[in-house]
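S.K.: Predicted model and sequence below, questions to follow.
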Amino acid sequence: MFRRVIIAVSIAAMLLTLGCSNKKVQNPIANVDSKQPDKVLFDRAMDAMKHNKYDVARLSLQTLINTYPDSEYVARAKLAIGDSWYAEGGAAAMTQAESEYKDFITFFPNMPEAAEAQMKIANIHYKEMEKADRDPTHARRAEDEYRQLILQFPDSPLVPQAKQRLMEVQEVLADREYMIGHFYYLRQTYPAAIARLKSVADTYPLYSGADQALYELGNSYEREVDFIRLSKLPETAKGTLIKQYTDAATAAYDRILTRYPVEERAEDAKKRLQAMKQPVPHATEAAIAQDKAEIASRGSQGHFGKLMENFHKGPDVSDATKVGDPTLVDPKQASAPDLVRAANSSIISSMGGSNKVGVERVENGAAPAANAPIPRSDAEPVAPAGSSPTVGNAAGATPATAPAEAVAGGAGNGSPSAASDNSAVPEMKNDLQPAATTPPPGTTAPPPGQTNDAASSSSSDSSTTPAPAASSGSAQQPAANTNTESSSKKKKKHHWPF
């Protein structure tokens, strides 16, 4: 008896499996006897989508598109395939839905449903958008897609809804940029803070914290002015940069008072302008009314709502305004490297005249008199070696401001050349050395170079150098006799520390 029951149950299971398998592979156009088979397929797909049978609905819709390409239901079937993926949900399904919607817009751009497809593409990224301190990929994609809808389909009834969603997305992106700028501001990295805060103020004027961003922007410029005043830059460069940063800080505070006169930072901006001794602007009635309308349109969450927000993936967009028009084209974004390069350019341009004067002074101090050639090491000597003692006077006529190498080691006068030529004849060197190194009256001879010591012999080098006599200003003194006087008497022993 038990065996019969097992056999009966097995047979029933096999029949049920065969029946289900036959149902899955059933041809969608089977049993279609209507004069409008394309309509029958479309209706079957819509009925399957109502019962959450998305795979069955897509099979019927794809059969409709492939079998009846000239049907009036082709466009609607193409859009319905994207809707089936959109309704199914999931990351992979949303990617397929976006691809189907883009294909629909490409093939049917003039149909009213094209704006609907674009709206759903933007909503896909809006739903995947994360908080301001997380990955901004989906938020930026949502911003681009909503802008595309507003610009490409300006007459669509979906435009107001797209604008509101766009302002919510821009609230999140602006909050992200402000958080980064505030991070740099607290750490006194003011060029980076200025770049971020300026981008927030210029790109997202409807941001709920725009007045705070502008206040920190102006304060960053003021701190830069303090650093410049303590720097070692020339006064001309300091004046140029201080004026630029002071004007930028004034413009930031002025914008708070003229664009956001009812916000919390308006009074603080007024005090900063008064401390800087700058004129305080007054807002117009239209600006005051606009700011009040923006503040009234913003929502707020209670303490419980903020607590529960920590458990949600999506951001809080209740602070986004519901009046005004969002930014459709981003202005040029500021960057910290560009600001630093601009400051360096200002310094260089302001120091252009002073640098040129400084170069002329250095050249005039290092060169001989006017219309005189600059001394060169490869120039010919003024007088040949072994000339009369007047060669020493010619050499001594070199100005005291001439470079040391022009007197001690370089050519251009008679003394170094004579020393180099006489190094091969020691007996002539001792006779000519006093006359060659005697300075003219009222001048001081430069210290002797290393060449004379190296060129002399090992036994009488130090005795042939008349440096003490030349430095004392006396006329001439006879050279020491190397045969009767030892050179070691004039040298002092050096005791090196160990």
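M.R.: Great, that's in hand. Numbering: from 1, shown residues only.
S.K.: Apart from its neighbours in sequence, what residue is nearest Phe153?
M.R.: Closest residue in space to Phe153, ignoring its immediate chain neighbours: Ala115 at 4.0 Å, by CB to CB, 6 or more residues apart in numbering. For glycine as for every other residue, the C-beta is placed from the backbone atoms N, C-alpha and C.
S.K.: Does the one you found touch Leu149 like I think?
M.R.: Yes. Because the distance of 6.3 Å satisfies CB atoms under 8 Å, Ala115 is recorded as touching Leu149.
S.K.: returning to that earlier point: which strands and helices lie in contact with the host helix or strand of the residue nearest to Phe153?
M.R.: Ala115 is part of helix 113-127 when elements are defined by DSSP states H and E. Counting contacts by 3 or more CB pairs under 8 Å, 6 or more residues apart in numbering; DSSP states H and E, helix 113-127 packs against helix 74-88, helix 91-107, helix 137-152, helix 159-186.
S.K.: between Ala115 and Leu149, which one's more packed in?
M.R.: Using other CB atoms under 10 Å, the more surrounded residue of Ala115 and Leu149 is Leu149, with 25 against 22.
S.K.: ok, now how distant is the more buried one from Leu307?
M.R.: Here the criterion is CB to CB, to the nearest Å. By it, Leu149 lies 35 Å from Leu307.
S.K.: How about Ala195?
M.R.: From Ala195 to Leu307 the distance is 34 Å (CB to CB).
S.K.: neighbour count winner among the two?
M.R.: With neighbours defined as other CB under 10 Å, Ala195 and Leu307 compare such that Ala195 has more, 23 against 10.
S.K.: What residues does that one make contact with?
M.R.: Ala195 makes contacts with Gly181, Gln333, Ala334, Ser335, Ala336, Asp338, Leu339, as judged by CB atoms under 8 Å, 6 or more residues apart in numbering.
S.K.: And it, how far from Asp254?
M.R.: For Ala195 relative to Asp254 (CB to CB), the value is 20 Å.
S.K.: Equivalent analysis for Ser208, please.
M.R.: For Ser208, the distance to Asp254 equals 20 Å [CB to CB].
S.K.: what about the stretch 251-400 of the chain, any weak spots by pLDDT?
M.R.: Scanning the stretch 251-400 of the chain for pLDDT under 70 picks out 305-306, 353-400.
S.K.: Try it again at 90.
M.R.: Residue ranges of the stretch 251-400 of the chain with pLDDT under 90: 299-314, 316, 318, 330-400.
S.K.: Now do the helices in it.
M.R.: Secondary structure of the stretch 251-400 of the chain by DSSP state H, counting those that start in this stretch: the helices cover 266-275, 285-297, 303-308, 336-350, 352-366, 390-396.
S.K.: what residue ranges in the stretch 101-250 of the chain score low on pLDDT?
M.R.: 112, 231-238.
S.K.: quick revisit: turn the helices and strands packed on helix 113-127 into TSV, including distance to Met49.
M.R.: Formatted as TSV, the helices and strands packed on helix 113-127 follow (distance: least, CB to CB, whole Å):
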stretch	distance to Met49
helix 74-88	6
helix 91-107	13
helix 137-152	24
helix 159-186	24
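S.K.: Which one, of the ones you listed, ends up nearest to Ile228?
M.R.: The closest of the helices and strands packed on helix 113-127 to Ile228 is helix 159-186. By CB to CB, the value is 17.8 Å.
S.K.: Quick check: what element follows the closest one along the chain?
M.R.: Next helix or strand after helix 159-186 toward the C-terminus (DSSP H and E): helix 190-203.
S.K.: which of the residues in that following helix are buried?
M.R.: 190-201, 203 (16 or more other CB atoms under 10 Å).
S.K.: What of stretch 235-242?
M.R.: Buried residues in stretch 235-242, counted by 16+ other CB under 10 Å: Ala237, Lys238, Thr240, Leu241.
S.K.: So which of those residues is the closest to Met351?
M.R.: Out of those, the member with the shortest distance to Met351 (by CB to CB) is Ala237, at 5.5 Å.
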